[in-house]
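In: Turn this into a model:
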Amino acid sequence: MQETPEIYAVYVMANSIMTFHVGTTYNLQLMVVSHKENADPNAFTSRYQLHNLVYYELYSSQHSARNRETKLKSLPKNEMIELIKKMNPEMTCIFQKYLVGETPQVLNKELSGKKSTRRRKSYPAAHVYSLRSLAKSGGDD
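Out: Below is the predicted model:
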């Protein structure tokens, strides 16, 4: 049996007035449920009722996911809204669609192997997986 690759998610939770929380996790389903149930009453997501999964991207490396999380956190609000609307035009909770694999795969310019002009250690371009492609390859938990 083929081993399932580790998948990391960068996700955005929102409330009805478009307050955002950007995070990274190894288990998106568990993390979203945790936010929805206010598992930590002192957490930002609990205090501001951020219960809607409005956006996510999947990565094969934790390093790539954390880098993308940092980039998303630095976006101005209007750019964050534009990005979310590309995947989720209605900006509604897509958690149920995520569970059944109906949300689209997301691949941004930053992930397509574009070379940086900065001098730093280079990493291979992140592999982004859709849930449908994982299901077809026989990978499940």
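In: and the gap between residue 89 and residue 68?
Out: As defined by CB to CB, to the nearest Å, residue 89 lies at a distance of 21 Å from residue 68. The C-beta positions use only the backbone N, C-alpha and C, and glycine is treated the same way.
In: In terms of neighbours, single out the busier of these two.
Out: residue 68 (23 against 8; other CB atoms under 10 Å).
In: On the C-terminal side of the host helix or strand of the more buried one, identify the next helix or strand.
Out: Secondary structure assigned from DSSP states H and E places residue 68 in helix 62-73. Counting by DSSP H and E, the next helix or strand C-terminal to helix 62-73 is helix 77-87.
In: Tell me the helices and strands packed up against that next one.
Out: Helices and strands touching helix 77-87, by 3 or more CB pairs under 8 Å, 6 or more residues apart in numbering; DSSP states H and E, are strand 8-14, strand 52-59.
In: Using CSV, please lay out those strands together with mean pLDDT and distance to residue 101.
Out: What follows is the helices and strands packed on helix 77-87, written out as CSV (pLDDT from 0 to 100; distance: least, CB to CB, whole Å):
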stretch, mean pLDDT, distance to residue 101
strand 8-14, 96, 14
strand 52-59, 95, 11
